[in-house]
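**Student:** just coords:
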């Protein structure tokens, strides 16, 4: 069963590292066997897109030109030939960061496909969802529950999923004290998810507006970032679980001062510089330090089911596709307290 999309589509194109995104007419991709073509309804705008646009991820020259965008939601409009397992035409699906993996290595076979060394990412090795249409391999195409609005739901595919997966990796449970460092979009999702798990939530951030937003979303304690932030967390009960969304090595002192014995520390933010982690601190405290990256297909299925039953009221600002480069500039200036999302009807 197929539909005929237009021969050309509009996409926001990156021609190279540091270059602004420009709108251009390009050929609409054609689905091959094992793929579907999705007509986009929405796509979230993520800090990772900003890092990619500004050249901070050092992509090879042969990746360009490329279409960014990895928080897309749309409906299947065309199915590649000989693809019996494809979702039906009209099915609403998500287009997240993880495009595909090898499916054969140990991480893939054991349910940790986000650590597959052969994975490809949407908006990096594969064109993403800052476009009217995008491809998706059927094995990695996840239906979106109809209860989830495509605008509110788009940021769930990266920001929300990343927060969900990090809390799950730390085995966050009722009565845990959870410290969330960085109260931007990801941190705000983490506040709500941790509260839904029955946790007591501390939030540290340098921005008073973000602390205010975190408190409105249910955070029990909000603490300005600084030299004494970790000590303040410890005095209020200490952290059993710490999730870091702040892209700075300076947060490590806060973590070290805040945690309780046998804590779990989950690194999510992209921090390239080393931190002063003491082996004796690990041994004496029995801590676990983990890395977490986006989420698996199963994580997404479970999270979307949760989100359909527990709407997450993050503020989402909409924009047309033509405004995506300016939206990335907004992120760069720190002017966004919630999430940004392209609405393809605008």
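**Tutor:** Great, that's in hand. Since the model is a prediction, treat every value here as computed from it, not as a measurement.

**Student:** Helices of the stretch 151-300 of the chain, residue ranges please.
**Tutor:** For the stretch 151-300 of the chain, helices defined by DSSP state H, counting those that start in this stretch occupy the ranges 159-169, 185-196, 208-216, 229-235, 251-258, 279-285, 297-309.

**Student:** To residue 136, which of those helices lies closest?
**Tutor:** helix 297-309 (11.9 Å; CB to CB). Every residue, glycine included, has its C-beta placed from N, CA and C.

**Student:** So which elements touch the closest one?
**Tutor:** strand 142-143, helix 159-169 (3 or more CB pairs under 8 Å, 6 or more residues apart in numbering; DSSP states H and E).

**Student:** What is the neighbour count of the closest residue to residue 160 other than its chain neighbours?
**Tutor:** Nearest non-adjacent residue to residue 160, counting by CB to CB, 6 or more residues apart in numbering: residue 189, 4.5 Å away. Residues lying near residue 189 (other CB atoms under 10 Å) number 28.

**Student:** list the contacts for residue 189?
**Tutor:** Counting by CB atoms under 8 Å, 6 or more residues apart in numbering, residue 189 touches 155, 156, 159, 160, 162, 163, 164, 312, 314.

**Student:** how close does residue 96 get to residue 22?
**Tutor:** Using CB to CB, to the nearest Å, residue 96 is found at 25 Å from residue 22.

**Student:** The two: which has the busier surroundings?
**Tutor:** More crowded of residue 96 and residue 22, by other CB under 10 Å: residue 96, with 27 against 12.

**Student:** wait, what's in contact with that one?
**Tutor:** 70, 71, 72, 122, 142, 157, 158, 161, 294, 300.

**Student:** can we see that at 7 Å?
**Tutor:** Shown in contact with residue 96 (CB atoms under 7 Å, 6 or more residues apart in numbering): 70, 122, 157, 158, 161, 294, 300.

**Student:** any idea which of the residues you listed has the most stuff around it?
**Tutor:** residue 157 (31 neighbours).

**Student:** residues in contact with that residue?
**Tutor:** Counted by CB under 7 Å, 6+ apart, residue 157 has contacts 44, 71, 94, 96.

**Student:** A helix includes the first one, no?
**Tutor:** Think residue 44. No. Going by DSSP: H, G, I helix; E, B strand; the rest coil, the assignment for residue 44 is strand, not a helix.

**Student:** re the thing from before, and the helices of the stretch 151-300 of the chain as CSV, adding mean pLDDT and distance to residue 270?
**Tutor:** CSV is the format used below for these (pLDDT from 0 to 100; distance: least, CB to CB, whole Å):
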stretch, mean pLDDT, distance to residue 270
helix 159-169, 95, 11
helix 185-196, 93, 12
helix 208-216, 93, 19
helix 229-235, 97, 21
helix 251-258, 96, 13
helix 279-285, 95, 22
helix 297-309, 95, 19
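
**Student:** Distance of the residue nearest to residue 160 relative to residue 43?
**Tutor:** Taking CB to CB, one finds residue 189 at 17 Å from residue 43.

**Student:** picking up where we left off before, between the helices of the stretch 151-300 of the chain, which gets nearest to residue 5?
**Tutor:** Using CB to CB, these put helix 297-309 closest to residue 5, at 25.5 Å.

**Student:** which other helices and strands contact the following helix or strand past the closest one?
**Tutor:** Counting by DSSP states H and E, the element after helix 297-309 in chain order, helix or strand, is strand 316-319. Helices and strands touching strand 316-319, by 3 or more CB pairs under 7 Å, 6 or more residues apart in numbering; DSSP states H and E, are helix 150-153, strand 339-343.

**Student:** now do 10 Å
**Tutor:** Secondary-structure packing of strand 316-319 (3 or more CB pairs under 10 Å, 6 or more residues apart in numbering; DSSP states H and E): strand 35-45, helix 150-153, helix 324-332, strand 339-343.

**Student:** okay if I get these as CSV plus mean pLDDT?
**Tutor:** Listed next are those as CSV, based on pLDDT from 0 to 100:
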stretch, mean pLDDT
strand 35-45, 97
helix 150-153, 94
helix 324-332, 95
strand 339-343, 95
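
**Student:** Those into a markdown table, with extra columns for distance to residue 266 and mean neighbour count?
**Tutor:** Shown next, in a markdown table, are these (distance: least, CB to CB, whole Å; neighbours: other CB atoms under 10 Å):
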| stretch | distance to residue 266 | mean neighbour count |
| --- | --- | --- |
| strand 35-45 | 22 | 25 |
| helix 150-153 | 24 | 22 |
| helix 324-332 | 23 | 17 |
| strand 339-343 | 21 | 24 |
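
**Student:** Quick one: closest of those to residue 221.
**Tutor:** The nearest among the helices and strands packed on strand 316-319, by CB to CB, is strand 339-343 at 23.7 Å.
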